[in-house]
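Participant: Here is the input, now give the coordinates:
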Amino acid sequence: MLTFIWAQDKDGFIGKDNTMPWRLPADLQHFKRETNGHMIVMGRKTYESIGKALPNRENVVLTRDLDYSLEDATVVHTKQDVLDLAQDKDAYITGGAEIYQLFLDEADALVVTHVEEHCGGDTRFPDIKWEKWRLIKREDGVRDAKNDLDFWYGWYQKEEV
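Facilitator: Next up, the predicted model:
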């Protein structure tokens, strides 16, 4: 199963200057819980913004650079390479925008953190046809001293056509 996981603000922004345009430690913990023990797929820029492979996950980095190599992650160069690796696994597409766009038609499920603010940014999630997705679970995030924005988590399944 191929699941997209990301956070976005009310305007669909997911990034600014190759990082997130907000600080929500609760969302980072949510991401860790959701992806722990699974394959995560990211683009080179996303990997480099993190700076290392994430522990307890099979890290796969998709790049067009045929000379790119990493000691702590599997590097692949095509969409088909990712699909072959993800076969019979729960794999999470973790960004960035180009990677989400590339796999948009293959996604089976979405896990979205909805940040209920206009945070701005320079990178938006690709246009998604929300009518093709059904919200199956919603959980409100807790606003507190460390998480000073309103947010909620949504789990979506693709509607059968």
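Participant: Output the below-cut-off pLDDT ranges for the protein.
Facilitator: Counting by pLDDT under 70, the ranges of the chain that qualify are 161.
Participant: That one: helices as residue ranges?
Facilitator: Secondary structure of the chain (DSSP state H): helices at 25-35, 44-50, 79-86, 97-103.
Participant: Among these, which comes closest to Asp17?
Facilitator: Among the helices of the chain, the nearest to Asp17 by C-beta to C-beta is helix 44-50 (9.3 Å). C-beta here means a position set from N, CA and C on the backbone, and glycine is covered the same way.
Participant: ok, now which ones touch Thr78?
Facilitator: Going by C-beta atoms under 8 Å, 6 or more residues apart in numbering, Thr78 touches Leu62.
Participant: which stretch among the helices of the chain comes nearest Asp140?
Facilitator: When those are compared by C-beta to C-beta, helix 25-35 sits nearest Asp140, at 10.8 Å.
Participant: Which positions within that closest one qualify as buried?
Facilitator: Neighbour counts using 16 or more other C-beta atoms under 10 Å place Ala26, Asp27, His30, Phe31, Glu34, Thr35 of helix 25-35 among the buried residues.
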